[in-house]
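> Fold the stuff below for me.
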Amino acid sequence: MSGRGSAVAGLVLAAALPVLLWHDLVARIAANFSLDAAYLVSGWTPWVLMALGLLCFVPAAVHDHRARGRFGRRDSGGWVGWGTTLYLLGFVLATQVAQIADGFARG
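Okay, here's the model as predicted:
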C-alpha cells in the first residue's frame, strides 16, 4: 500500500474507532441534551477534541499531496503534531467519560 493509501486508511480508522467504541455512550449523552455549560463541557469535550484532531490532519494531507515531487518538502509536521495531540487527548478523555458513565450505570 502506498504512503498516501495508508494515510487515508489510518485517517478512516481514527475516525471510525470512537464510533465503534462509544456509540452507545454518545447516544446516552445526546439523549440528555441541555444547554448547560457543565453538560456541554463534560459530555462533548472528548469528541470535539478528536474531531479537531482529525481536522488538523486535512491541511497536512493537502500540503503533503501538493508538495510531492522529486524534491518535495514535507513542512506539515506542526499540523500532524497538533492533530495527534488533540486526537489522543480526546481519546483518553473519552475513555474516562465512558468509565464514569459505566460507574453511574452500575450504581
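> low pLDDT regions in the chain?
1-6, 64-74, 107 (pLDDT under 70).
> Can you pull up the most central residue in it?
Met50 (2.3 Å; CA atoms, centre = their mean).
> For it, pull up the helix or strand it's in.
Using DSSP states H and E, the element containing Met50 is helix 37-66.
> Pull out the buried positions in that helix.
43-44, 46-47, 49-54, 56-57, 60-61, 63-64 (16 or more other CB atoms under 10 Å). C-beta: built from backbone N, CA, C; applies to glycine.
> What are the boundaries of the helices in this structure?
Ranges of helices in the chain, per DSSP state H, are 3-31, 37-66, 77-106.
> ok so, going back, okay, the angle between the helix holding Met50 and helix 77-106?
Angle between the axes of helix 37-66 and helix 77-106 is 150 degrees (criterion: axes from the mean of the first three to the mean of the last three CA atoms, to 10 degrees).
> distance between helix 37-66 and the chain's centre?
Relative to its chain's centre, helix 37-66 lies at 5 Å (CA atoms, centre = their mean, to the nearest Å).
> Give the other helices and strands that it contacts.
Counting contacts by 3 or more CB pairs under 8 Å, 6 or more residues apart in numbering; DSSP states H and E, helix 37-66 is packed against helix 3-31, helix 77-106.
> Show me how far the shortest one is from its chain's centre.
Read that as helix 3-31. Centre-to-centre, helix 3-31 and its host chain are 7 Å apart (CA atoms, centre = their mean).
> Buried ones in it, by neighbour count?
Buried, per 16+ other CB under 10 Å, within helix 3-31: Ala7, Ala14, Pro18, Trp22, Leu25, Val26, Ile29.
> ok, those vs Val92, which is closest?
Pro18 (11.7 Å; CB to CB).
> re earlier: how much space between the residue nearest to the centre of the chain and Asp24?
17 Å (CB to CB, to the nearest Å).
> do the same with Pro46
15 Å.
> ok, now which ones touch the residue nearest to the centre of the chain?
Applying CB atoms under 8 Å, 6 or more residues apart in numbering to Met50 gives the contacts Pro18, Leu86, Tyr87, Gly90, Phe91, Ala94.
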